[in-house]
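**Q** here is a sequence with its predicted model. Questions after.
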Amino acid sequence: MNDPNELPGQEPSEPRHAPSGGGGGRGASGFSAARGAALIAVAVLIGVVLLNAIDDGNTGAVGDGGTKSTTPSTTTTTVAKGSASTTTTTKPAPVPPAEVSVLVLNGSGRAGVAGTLTTALKAKGYKTLVPNNASSVRAGTVVYPKTGKTAVCTTLAAGIPGAKVQPMPVPPPTTTDADCIVVVGS
């Protein structure tokens, strides 16, 4: 009867041991440290892969904006019954207004309208030509793009209230080398 808690006539109880889940051994904590290190390694690896995937290859300090890409691309993925296909389209970078030449013609019948719009477009950075009068009065303002300049003329038209882009008529309203001809109507 070594244990004071034992009653007389009772068999001696089994020896007491430290609980198996406690801090008795190093095996459990060593396993946790190894698992933590593995998780950190996986997280670092995922971070490196993601950074490489989104890196645009620009040089310079982080956050400096880098150089502008001339052809940003968009990827569209379409999934159809049991199959997947990926289509990549390339969209040209926007052309700065300074690289777009514009001729404004007055087709409104009111004096000074073409000059006023030319001044406003010049203030926005467009390369403007000397304004002139259209051969006839017309209703509504229209922007005619030179061949291959529809995108830049559409951007231009968005900044002119009520302007609509239409294909260049044959013959054109005037002989010019402008990228966009704007005919201001009444």
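**A** Yes, it's here.
**Q** can we go C-alpha only for contacts and neighbour counts from here?
**A** OK.
**Q** and the helices in this protein, which stretches?
**A** Secondary structure of the chain (DSSP state H): helices at 27-54, 113-123, 150-158.
**Q** just put the ones you listed in JSON lines and tack on distance to residue 102, mean neighbour count and mean pLDDT.
**A** Compiled in JSON lines, the helices of the chain are given as follows (distance: least, CA to CA, whole Å; neighbours: other CA atoms under 10 Å; pLDDT from 0 to 100):
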{"stretch": "helix 27-54", "distance to residue 102": "38", "mean neighbour count": "11", "mean pLDDT": "79"}
{"stretch": "helix 113-123", "distance to residue 102": "8", "mean neighbour count": "18", "mean pLDDT": "96"}
{"stretch": "helix 150-158", "distance to residue 102": "9", "mean neighbour count": "18", "mean pLDDT": "95"}
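**Q** what's the separation between residue 158 and residue 122?
**A** Residue 158 sits 15 Å away from residue 122, going by CA to CA, to the nearest Å.
**Q** contact partners for residue 134?
**A** Neighbour list for residue 134: 105, 106, 107, 173, 174, 183 [criterion: CA atoms under 8 Å, 6 or more residues apart in numbering].
**Q** only whichever of the residues you listed are buried, select them in ChimeraX.
**A** Of the contacts of residue 134, the buried ones go into a single ChimeraX selection, burial set by 16 or more other CA atoms under 10 Å:
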select :105,106,107,173,183
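**Q** between the contacts of residue 134, which is nearest residue 49?
**A** residue 183 (52.9 Å; CA to CA).
**Q** what's in contact with stretch 178-186?
**A** By CA under 8 Å, 6+ apart, stretch 178-186 touches 100-109, 113-114, 129, 134, 137-146, 149, 153.
**Q** picking up where we left off before, dump the helices of the chain to JSON lines, plus distance to residue 169.
**A** Formatted as JSON lines, the helices of the chain follow (distance: least, CA to CA, whole Å):
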{"stretch": "helix 27-54", "distance to residue 169": "45"}
{"stretch": "helix 113-123", "distance to residue 169": "20"}
{"stretch": "helix 150-158", "distance to residue 169": "14"}
